[in-house]
Each structure stands twice: as C-alpha cells, then as structure tokens.
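Chemist: Give me coordinates for this.
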Amino acid sequence: MNLESLPNECLLRLLGFISTKTLGRITQVSHKLHDLIDNDDYLWQSRCNEEFAPFRIEKFENFVKFPFQKVKDIYFFLLRPFGKLLGLWQADNPFYMGQMISISPDFESGAISAYRITTRNALTDQGRADERAFSLYGDISVDSFEVRVTKTKIFEIRFEVVDGVFTGQSVCLGGKLGGESVSEHSLAVSGPQGKLRELAPSQQTGLWPFPQGSPLPFAYMVASRSSSSSSPTSFGQSPDSTLLSLSCTNDCYTYNFSRLFSLQARRALPSNLQNNNFSQIWSKIKFSDAAPSDVPIAPREGIWTGSYSTHGLEILLFQYTTNEENQCCLEAHKITGDLNVPRGELSWKTQFTNPRRTISSEAGQFHVTDTTEFNDDKIMIYDGIGKIAMAGYQGVTETPAEVIIVSEEEVYVHWKELFKISLFQRVNSLYP
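Modeler: Residues are numbered from 1 along each chain as shown. Modelled structure (predicted):
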C-alpha cells in the first residue's frame, strides 16, 4: 500500500503536519499529489490561519477583489511576504503622544491597507469625554462618551499580476502627521535600517517606554537617518519582524531632532543629532484577546479608549499579568499618551482580590445600586493603583484608585485623590 492509495481526506490530514518546504518537494512525486496540494483550499486555509494568527481567512470569497485564484495564492503572495505586517503598531514619535496604525487586508480595495487610528466621542464629535457631577457626591466628576474610531489611510500595498507573476507595490497616501495631504507616491516598507540606542520596546507589551533618567531623552531614541526610497517593499526579509520603518519620497514618516527641543536643549544635543531627519520606528503591539476564567466579570484584553480630562481620549492596551503572589492582575498601558504620562507607560492596574460593590470617598461609602451611574448589582469594584505625573513625566507618583468593572467591554476608574471617575471602553473594530 503506497501513499497515493489513501483516500484524499487521509492524505490531506497527513499533509497538514508537513512543512511548506517539504510540501513543495512532495508535489514533484506524482501528478495526483501535485494537484491535491496545489488546489485544496482547506489545506492552505488551515496553514494560513495557524502561521499568521490572529489574522484568519474565514471565506475565500472575501478576497474577490484580490488577483488570487485560490487560497494557496494568498499564502504565498500575500501572507508569506507581508503577513508579519498585519496587526497593530505604535510609533516612537511624537515623543509623548505617540500614534497607532492598523494594517490589514482591505477586502473592498483588494490591497493591504494601513490606517492611522484615532478615537473620538461620538456623542459630541469631539476628542474628549463629557463630564458631569457624580449623582451622590457632586465634588466627584464622572466622564461619559461613546467611542468612535477614526481611520486615516496612510499607505497601501497593491497587488497585480504582471506576465503571470504576482507583485505587490507599496504606495504612500499620507503626508506628514498633521500636515496637508499629498498625492500618492512610492514607499518602502522594511525593518529599521539604523541602530537602536539603549531604548527598546517592552517585551511584555511591544510599546515604547519613556527613557527614565535621561537628561536628553530623545537621544535614546532610534538613531536611524531617513533615506527617501522608492525600493520595493522588503519587510518580508527583515530580520526583526517586531519593528517597522516606512520610507517614502516625500519623507512623510520622519521627524527632526532639533525642532523638538528648546534653544537651550538644542545646544546640548550631540552634533550628529542636530539638523537631521530621523525615521519613525513602529513597534508591534502584543495582545492575546484573552480573559481569565475565574473572574466574575473579566474585561477582555486588547485595545481600549479611555478619558483623560483635558488631554482627551487616549488609546490603551489592556493585558492580564500575574503578580509575585500569583494573583491575576489587569494592567492598562498607554498606546497614545500625553505630556504628563506619555505613550508606553502604565496608566493603572488592579488585582482581582477582595471584590465589593461600594465606591469610597471622603464623604463615605456609596453602594453601586444607590447611584444613577452604576445601578447594577452585577458590577464589581476592586482596589487599584493609578499613575500620575507633572508635565514632562516629572514627579511620577502612584495614587490610590478603584477599578469599577461594568462589563467585558466597559470599565471605570475612580482616581480617588483627583475626585475623578474616568471611563474606558473597548475598541472592537481594529483587529486584523
């Protein structure tokens, strides 16, 4: 009994355990095996979903605008060269605020599209939450908003077939952050070409941290000079798939060191950092979209938006961790930040111990069912710690907080010493 005598269902199950390189060799054994491997969509769909999670191919029909004839084409001409691009990325510039992009297949245009992500309050079309007095104690203010995601397309990777060969062409659609839009032009997508100086993204979150203790914090950023390029996309060959650099003929993704400093600080800059443009470096955001099973109401991991008073709405990463006592904790790190607590830093955290249904204040304890805002006996409240600072991330201190868990997708944080209850909502439309 030889391999080809097995039913196709058995053959396909066996082939699913074999590496892609070995599959290529097996196609040369016989016409039957060649046709089976070349044309079975389920074999390649499973391979795509396993190797490039969390991106998943649900239906091949979604790719009707792409020039692909079968799922195998998606694997070799979209995901193998560009799959590492898919996901959410945070930039190291602007220094305090940061920014985020989402890269995913665009089923409407038949391209891989990258969008700069911002959030707004859908109730007012503003970039900040509404405030009102707490129903049982007017000295405390409570934020409210309904999150709306705003996406601005900054580049595309477009696919076409030329003389029977699939190609992907990168096109920049962007213009500088906050600047005027420009006509589309060529773009190179790759790993960073310069050297990282001391500062690197967090291993836990993938976010850029604030360089503590540096009198010239920008000098710890990526010293990678911008070089305008029209070379083809080369990210698939990058040795580091967690860092991304964009380079275009209009220098849309660069910044100038000297413009970020006061005159006095500029004089202290090393000469090689003055009057030079440097590339923004994007870091891959890490998340699992998970939730612990032993917590009554567990907010889901992933991307959230929170209200920060006059700073407006900011984007955060919720992640579960375990502390030294092996207790489950929830941490909220800033993807976009502000002048007080910048991007990449922890905003607040809580551990799931001693749950209660009372909100505390200097005026006493308030049971959630007595309040207008939280009149639900399923709500759970846990003690937490928040992080606050003065401008420039100076005088960083921890402040007591209460984390009010309303549902898997809505959380409030009571900053007790600030007399402020901030709202956090999960963002559901960003995942690749």
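Chemist: use CA for all of it now, contacts and neighbours both
Modeler: Fine.
Chemist: element containing Tyr255?
Modeler: Remark: Tyr255 resides in strand 254-256, with elements defined by DSSP states H and E.
Chemist: Pro400 now?
Modeler: Under the assignment given by DSSP H and E, the secondary-structure element containing Pro400 is strand 394-407.
Chemist: Let me see the mean pLDDT of that strand.
Modeler: Across strand 394-407, pLDDT averages out at 94.
Chemist: Verify the contact between Val406 and Asn375 for me.
Modeler: No - here Val406 lies out of contact with Asn375, judged by C-alpha atoms under 8 Å, at a distance of 10.0 Å.
Chemist: more crowded one of the two?
Modeler: Using other C-alpha atoms under 10 Å, the more surrounded residue of Val406 and Asn375 is Val406, with 19 against 12.
Chemist: and the gap between the closest residue to that one other than its chain neighbours and Ser407?
Modeler: Leaving out its chain neighbours, the residue that sits closest to Val406 by C-alpha to C-alpha, 6 or more residues apart in numbering is Ile379, at 5.1 Å. Distance, Ile379 to Ser407, using C-alpha to C-alpha, to the nearest Å: 8 Å.
Chemist: Which neighbours do those two have in common?
Modeler: Counting by C-alpha atoms under 8 Å, 6 or more residues apart in numbering, the shared contacts of Ile379 and Ser407 are Ile297.
Chemist: Counting neighbours, go ahead and name the busier of these two.
Modeler: The neighbour comparison of Ile379 against Ser407 (other C-alpha under 10 Å) goes to Ile379, with 20 against 16.
Chemist: Surely the more buried one touches Val403?
Modeler: No - at 10.4 Å, Ile379 and Val403 do not qualify as touching, with contact defined as C-alpha under 8 Å.
Chemist: Find the nearest non-adjacent residue to Val413, please.
Modeler: Val403 is the one closest to Val413 (C-alpha to C-alpha, 6+ apart), at 4.6 Å.
Chemist: I'd like the distance between the one you found and Leu207.
Modeler: Going from Val403 to Leu207 by C-alpha to C-alpha gives 23 Å.
Chemist: swap in Gly395?
Modeler: Counting by C-alpha to C-alpha - Gly395 and Leu207 are separated by 22 Å.
Chemist: quick one: secondary structure of Leu316?
Modeler: The three-state label given to Leu316 by DSSP: H, G, I helix; E, B strand; the rest coil is strand.
Chemist: Can you read off the pLDDT for it?
Modeler: Model confidence at Leu316, given as pLDDT, is 97.
Chemist: mind listing what it touches?
Modeler: Listed by C-alpha under 8 Å, 6+ apart, the contact set of Leu316 reads 303-306, 332-336.
Chemist: out of the residues you listed, who has the most neighbours?
Modeler: Going through the contacts of Leu316 with other C-alpha under 10 Å as the criterion, the one with the most neighbours is Ile335, at 30 neighbours.
Chemist: which stretches of this structure have low pLDDT?
Modeler: Low-confidence segments of the chain, defined by pLDDT under 70: 1-3, 175-182, 192-199, 212-240, 257-276, 431-432.
Chemist: Need the single longest helix in it, by residues.
Modeler: Counting residues, the longest helix found in the chain (DSSP state H) is helix 41-51.
Chemist: Ala389 touches Asp338, doesn't it?
Modeler: No - with contact defined as C-alpha under 8 Å, Ala389 does not count as touching Asp338 (10.5 Å).
Chemist: So between the two, which is more surrounded?
Modeler: Set Ala389 next to Asp338 and count neighbours by other C-alpha under 10 Å: Asp338 wins out with 20 against 15.
Chemist: How about the residue nearest the centre of the chain: what's its closest non-neighbour residue?
Modeler: Within the chain, one residue has its C-alpha closest to the average C-alpha position: by C-alpha atoms, centre = their mean, that is Leu88, at 3.3 Å. Nearest residue to Leu88, sequence neighbours excluded (C-alpha to C-alpha, 6+ apart): Ser102, at 4.6 Å.
Chemist: hmm, back to that, show me what contacts the residue nearest to Val406?
Modeler: Contacts here follow C-alpha under 8 Å, 6+ apart; on that basis Ile379 touches 297, 357, 368, 404-407.
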